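Visitor: Need coordinates for the below:
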Amino acid sequence: MEVKIESYLSEMQRTLARLPREAIARLGQALLRAYRNDKQVFTLGNGGSASTASHMAADLAKNTIGPHTRRFRIVSLNENAAIMTAIANDLGYEFVFSEQLIEVICPGDLLIAVSASGNSPNVLQAIRRARAQSALTCAVLGFDGGEAATLVDIPIVIPSDNYGIVEDVHLMINHMLVEYLREHLANPRVWTV
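Guide: This next block holds a predicted model:
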């Protein structure tokens, strides 16, 4: 077990050293801009990435609250099992996110897709729907970024082909963003501009 622990931690350190810091900063700025402009933020993902997308929505909604601050307008598209299963049953699983965006996503809103592979059809459909509505798009990815990396405005590709490492780093990015936003939103000059 000790060898496995050392191997995992070594791979994590190599991955963290190569994080796309500029892209992460761009997402932080996009979130701050969405907040300032009272735009909506949508998160989504499948499997472990669904958990991260939900975690991100919860953290941004709750952990950025401070004195005199309004809340983020954020929702995770994975939360409503009834609508997801209805869409999957009637139209196909590839539409479970994009169909939820019809009539609710607007120009200037922000879609954050979380996906290790970047190739899930339902994630790609949602990105296309958001872009068609002139929303800003970001994908937090792994491996080589897949097709999603070529479709979004802000691709954040974790340079690893290990699902565990990719998913761990996705959660770390979430916490980096929350710390950044909590600090900036605590300054009244930032959120009233």
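
Visitor: Can you pull the poorly scored residue ranges out of the chain?
Guide: Within the chain, the segments meeting pLDDT under 70 span 188-193.

Visitor: tell me the centre residue of it?
Guide: Taking CA atoms, centre = their mean, the centroid of the chain lies closest to residue 112, which sits 3.5 Å from it.

Visitor: Report whether it is found in a helix, as I expect.
Guide: No - assessed with DSSP: H, G, I helix; E, B strand; the rest coil, residue 112 is strand; it does not lie in a helix.

Visitor: That one and residue 54 touch, don't they?
Guide: No - under the criterion of CB atoms under 8 Å, residue 112 is not in contact with residue 54, lying 11.7 Å apart. Placement of C-beta: from N, CA and C, glycine included.

Visitor: for this structure, which helix is longest?
Guide: helix 163-185 (DSSP state H).

Visitor: list the residues that contact both of residue 112 and residue 54?
Guide: Jointly contacting residue 112 and residue 54 under the rule CB atoms under 8 Å, 6 or more residues apart in numbering are residue 43.

Visitor: all strands for the protein, in order.
Guide: Using DSSP state E, the strands of the chain run over residues 40-45, 73-76, 110-114, 136-141, 154-157.

Visitor: centre of the chain versus the first one, how much separation?
Guide: Relative to the centre of its chain, strand 40-45 is centred 6 Å away, using CA atoms, centre = their mean, to the nearest Å.

Visitor: Which residue ranges of this protein form helices?
Guide: Secondary structure of the chain (DSSP H): helices at 2-17, 21-36, 48-62, 81-90, 98-101, 121-132, 148-151, 163-185, 188-191.

Visitor: which other helices and strands contact the fifth one?
Guide: Read it as helix 98-101. helix 81-90, helix 121-132 (3 or more CB pairs under 8 Å, 6 or more residues apart in numbering; DSSP states H and E).

Visitor: Equivalent analysis for the second one, please.
Guide: Identification of packing neighbours for helix 21-36 by 3+ CB pairs under 8 Å, 6+ apart yields strand 40-45, strand 110-114, strand 136-141, strand 154-157, helix 163-185, helix 188-191.

Visitor: okay, those in TSV with distance to residue 27 next?
Guide: Below are the helices and strands packed on helix 21-36 laid out as TSV (distance: least, CB to CB, whole Å):
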stretch	distance to residue 27
strand 40-45	11
strand 110-114	7
strand 136-141	5
strand 154-157	5
helix 163-185	7
helix 188-191	17
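
Visitor: Now do the buried residues in stretch 87-107.
Guide: Buried residues in stretch 87-107, counted by 16 or more other CB atoms under 10 Å: 87, 93-101, 105.

Visitor: got it, and stretch 25-32?
Guide: 26-28, 30-32.

Visitor: I appreciate the help and will end here.
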